[in-house]
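Student: build me a structure from this.
(chains A and B)
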Amino acid sequence: MQKVLSSEFGIDDISVGWERPQDSAHGDITTPVALQISKKVGKSPKEIAEKIVSALAKEKTIEKAEIAGPGYANIWLTPAALVAALGSTRQACMAKVKSGAPVIVEYSQPNIAKPLGAHHLLTTLFGQSIANIYEHLGYEVIKWNYMGDWGTQFGKLSIAVSKWGDGRIASQYTVDELLDLYVKFHNEVENDDTLEDQARAVFKKLEDGDPELRAFWQDIITVTKSALSSIYEQLHVSFDTDKSESFYEDKMEPILEKGIASGVFKEGEGGSLIVEFPEESNMPPYLVRKGDGATLYSTRDIAQMHYRLEELKPQEILIVTDIAQKLHFEQLAATCEQLGWDITGFDNVLVGRMRYADKSMSTRKGNVLRLEEVLTEAVRRAEEKIKEHGDHIQADDPAELAKMMGIGAVSYGIVSQNRKQDIVFDWDKMLSFEGNSAPYLQYTHARARSVITKAGEVSDPKQVESLTEKERGLLNTLLKFEHVLKEARTNNMPHILANFLFELCQSFNSFYNDTPILKAEEPTRTLRVYMTLLTADVLKTGAQLLTISVPDRM
RNA sequence: GCCCCCGUAGUUCAAUGGAUAGAACGGCCCCCUCCUAAGGGGCAGAUGUAGGUUCGAUUCCUACCGGGGGCACCA
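Tutor: Purely as a prediction, here's the structure:
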């Protein structure tokens, strides 16, 4: 191909992009290269495509090559070539051996003393999926839950517990009760505007090492962590580390001193410390230390960046956060650059925000929808759905299936969407069990597994003379898998994988619906069973990367 | 006020600058003597407005309109 371009048109500097067309009428693979170089060589796209096609038609793996539309070269491969290519799809189902410098993926970021809300699903599930995909492709991944366990909120909470609590010690409160107290604090601020200042003072005391406050703080952390772990387990979310804000407590001062010395950190209003950016950056100053000398999240993020760069030498640092934090991370990146650090591997992976009808999902206002409640409702609805199906159910354990379907539906609703999109929370949408949904994937997998069980032994595919339209369609879809995984990783976009899995289900179900598999004649039967097995494998692998489990029977 | 993100069928979402803008849900109509009908097939239905760049724009640029977010002592 490259040779044809070079000898015929003297083009050496363009890489030929082969694509898999969306529509099977356009062949197995296609390229618009003739359109792209047309102007450069001064010939019509059709003329160029003509040369390409006639050169390609001689290849023995090519069944047919033709020009279509304004100048596409469309290629149909031979059945033998298509079937032979399935080996790479099979390989893509297996996790590669890990190597290279680590990739840090930071996500979820819950706040201590608050339960997870529905809005945490975005960063938690996208982060986990991205981390899973990296790991599958052979990257050494550090899954990092950076918890908000430091800051003025502890001052607020301490005041709230002593003012409005019922005298219990901190470790005896539930996370929900702590949240109520936190909300109460913010309501009371309207009556007493000194509360905020009091909270800041209490946090300063904690930061200065007050033993009583330290014990209080430790209790709250313990309570919160145990509540979190049950939810993460249900969501198939796990972490390698949860080094949190407090971990950087003693790592900030040296950096601040250095930065002051080098002039990056300057004095701001009221004795605070700020970083300034050039006019053209359009960024406001970045506050790195408060007037009272206490640190902020920005200070800890700077210390964290330093720690990660120095101690872990990662090739990438992906911080998954919602878009409201974009400016903060741009300021952070610019600050690190001013400090002379190399942050080329750093990327703030943005996700949209979740809104709930017209209310804001702010924890401070107390109208947060708790994630636990969402998951419970999801499983309840799945149980109802299973009951509707009555005798048709083949699942060995309906309760287990309900969990898989319910939680899967929630997760799929998130990860199947472009992460940058805002999500408006809606029960019916979130808990969809039909069409483009987790249960559709799960059902398709169970269907494929069922065929395989009945088929007995599955052997390698035999060569066939010709392929039906449905067979060719399914083959081509299966062949996309490897490329889809790479695309999902390079763009940090798990929905690319989700969309592909949905497409595979459609392709398989369409094939299944009017193509006999077990009753087919040899060698066709062997090929069809093999394709069914591969479909099941790809679905299971892909779904798991997206945190979703699939059953063998349902 | 300044800055950032988003506007695609009735609804929720897709579409590395490429072919006739794909799905799902909802609506209407078909398909179980056949490997699971939680499925398959069909019909109707969309790029906010006005310009620009390009052989070609949902995609890139400009303005406007509409929605969301951010802008130093919260994270």
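
Student: for chain A, what's the longest helix?
Tutor: helix A:211-234 (DSSP state H).

Student: what comes up buried for it?
Tutor: Buried positions in helix A:211-234, judged by neighbour count with 16 or more other CB atoms under 10 Å: A:213, A:216-217, A:220-221, A:223-225, A:227-228, A:231-232, A:234. Bear in mind the C-beta positions are built from the backbone N, C-alpha and C, glycine included.

Student: residues of the stretch 151-300 of chain A that sit close to RNA strand B?
Tutor: Applying CB under 7 Å from any atom of the strand, one finds that the stretch 151-300 of chain A approaches RNA strand B through A:151-153, A:196, A:199-200, A:245, A:268-270, A:272, A:274, A:282, A:284-285, A:287, A:290-292, A:294, A:296-297.

Student: quick one: buried ones out of those?
Tutor: Among those, those classed as buried by 16+ other CB under 10 Å are A:151-153, A:196, A:199-200, A:245, A:268, A:272, A:274, A:287, A:290, A:294, A:296-297.

Student: which strands or helices does the host helix or strand of A:I75 pack on?
Tutor: Using DSSP states H and E, A:I75 maps to strand A:72-77. On a contact count with 3 or more CB pairs under 8 Å, 6 or more residues apart in numbering; DSSP states H and E, strand A:72-77 meets strand A:29-31, helix A:33-41, helix A:45-56, strand A:62-68.

Student: repeat that for 10 Å
Tutor: strand A:29-31, helix A:33-41, helix A:45-56, strand A:62-68, helix A:79-92, helix A:469-479 (3 or more CB pairs under 10 Å, 6 or more residues apart in numbering; DSSP states H and E).

Student: turn the ones you listed into a markdown table, including distance to RNA strand B, mean pLDDT and mean neighbour count.
Tutor: What follows is the helices and strands packed on strand A:72-77, written out as a markdown table (distance: least, CB to the nearest atom of the strand, whole Å; pLDDT from 0 to 100; neighbours: other CB atoms under 10 Å):
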| stretch | distance to RNA strand B | mean pLDDT | mean neighbour count |
| --- | --- | --- | --- |
| strand A:29-31 | 4 | 88 | 20 |
| helix A:33-41 | 4 | 79 | 17 |
| helix A:45-56 | 7 | 82 | 19 |
| strand A:62-68 | 4 | 87 | 17 |
| helix A:79-92 | 17 | 94 | 17 |
| helix A:469-479 | 9 | 94 | 20 |
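
Student: can you pull out the strands in chain A?
Tutor: A:29-31, A:62-68, A:72-77, A:99-106, A:139-144, A:266-267, A:273-275, A:286-289, A:316-322, A:346-351, A:354-356, A:423-425 (DSSP state E).

Student: pick out the shakiest of those strands, pLDDT-wise.
Tutor: Looking at these, the lowest mean pLDDT belongs to strand A:354-356 (a mean of 80).

Student: distance of A:E400 relative to A:D552?
Tutor: Per CB to CB, to the nearest Å, A:E400 is found 11 Å from A:D552.

Student: pick out whichever of the two has more residues nearby.
Tutor: Neighbour comparison, A:E400 and A:D552: the larger count goes to A:D552, with 16 against 12 (by other CB atoms under 10 Å).

Student: number of nearby residues for the closest residue to the more buried one other than its chain neighbours?
Tutor: Distances taken as CB to CB, 6 or more residues apart in numbering put A:R449 closest to A:D552, at 4.6 Å, once the chain neighbours are dropped. Residues near A:R449, counting by other CB under 10 Å, number 21.

Student: next one: A:N418
Tutor: So A:N418, with other CB under 10 Å, has 12 neighbours.

Student: tell me what A:Y286 is bridged to.
Tutor: A:V275 (DSSP bridges).

Student: neighbours of it, just the number please.
Tutor: Count around A:Y286 with other CB under 10 Å applied: 23.

Student: and the residue of the stretch 401-550 of chain A that's closest to RNA strand B?
Tutor: Taking CB to the nearest atom of the strand as the measure, the stretch 401-550 of chain A has A:G435 as its residue closest to RNA strand B, at 2.0 Å.

Student: that residue: neighbour count?
Tutor: Neighbours around A:G435, by other CB under 10 Å: 8.

Student: rewinding a little: now intersect the residues of the stretch 151-300 of chain A next to RNA strand B with the helices, please.
Tutor: A:T152, A:Q153, A:E196, A:A199, A:R200, A:Y297.

Student: low-confidence ranges in the stretch 151-300 of chain A?
Tutor: Along the stretch 151-300 of chain A, segments meeting pLDDT under 70 are nowhere present.

Student: please name the residues that touch the residue nearest to A:G270 when sequence neighbours are not counted.
Tutor: Leaving aside its sequence neighbours, A:G270 sits nearest to A:G291 (CB to CB, 6+ apart; 3.7 Å). By CB atoms under 10 Å, 6 or more residues apart in numbering, A:G291 lies in contact with A:R200, A:G268, A:E269, A:G270, A:G271, A:S272, A:L273.

Student: how close does the fourth one sit to A:F239?
Tutor: Think A:G270. 38 Å.

Student: the fifth one too?
Tutor: A:G271 sits at a distance of 38 Å from A:F239 (criterion: CB to CB).

Student: looking at the two, which is more packed in?
Tutor: Counted by other CB under 10 Å, A:G271 and A:F239 do not tie: A:F239 has more neighbours, with 21 against 11.

Student: rewinding a little: I figured the residue nearest to A:D552 hits A:V529, correct?
Tutor: No - with contact defined as CB atoms under 10 Å, A:R449 does not count as touching A:V529 (12.0 Å).

Student: thinking A:S162 is in contact with A:F216, fair?
Tutor: Yes - using CB under 10 Å, A:S162 is in contact with A:F216, at 9.3 Å.

Student: residues near the closest residue to A:A378 other than its chain neighbours, how many?
Tutor: Excluding its sequence neighbours, the residue lying closest to A:A378 (CB to CB, 6+ apart) is A:G406, at 3.6 Å. Neighbours of A:G406 under the rule other CB under 10 Å: 28.

Student: what sits against A:G406?
Tutor: A:G406 neighbours (CB under 10 Å, 6+ apart): A:234, A:374-386, A:431, A:433, A:438-439.

Student: now the residues you listed: which count as buried?
Tutor: Applying 16+ other CB under 10 Å to those, the neighbour count classes A:234, A:374-375, A:378-379, A:381-383, A:385-386, A:431, A:433, A:438-439 as buried.

Student: with distance to A:T535 added, can I get those residues in CSV?
Tutor: Listed next are the buried ones among the contacts of A:G406 as CSV, based on distance: CB to CB, whole Å:
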residue, distance to A:T535
A:Q234, 27
A:V374, 31
A:L375, 29
A:A378, 26
A:V379, 27
A:R381, 27
A:A382, 24
A:E383, 28
A:K385, 24
A:I386, 24
A:L431, 26
A:F433, 21
A:A438, 17
A:P439, 17
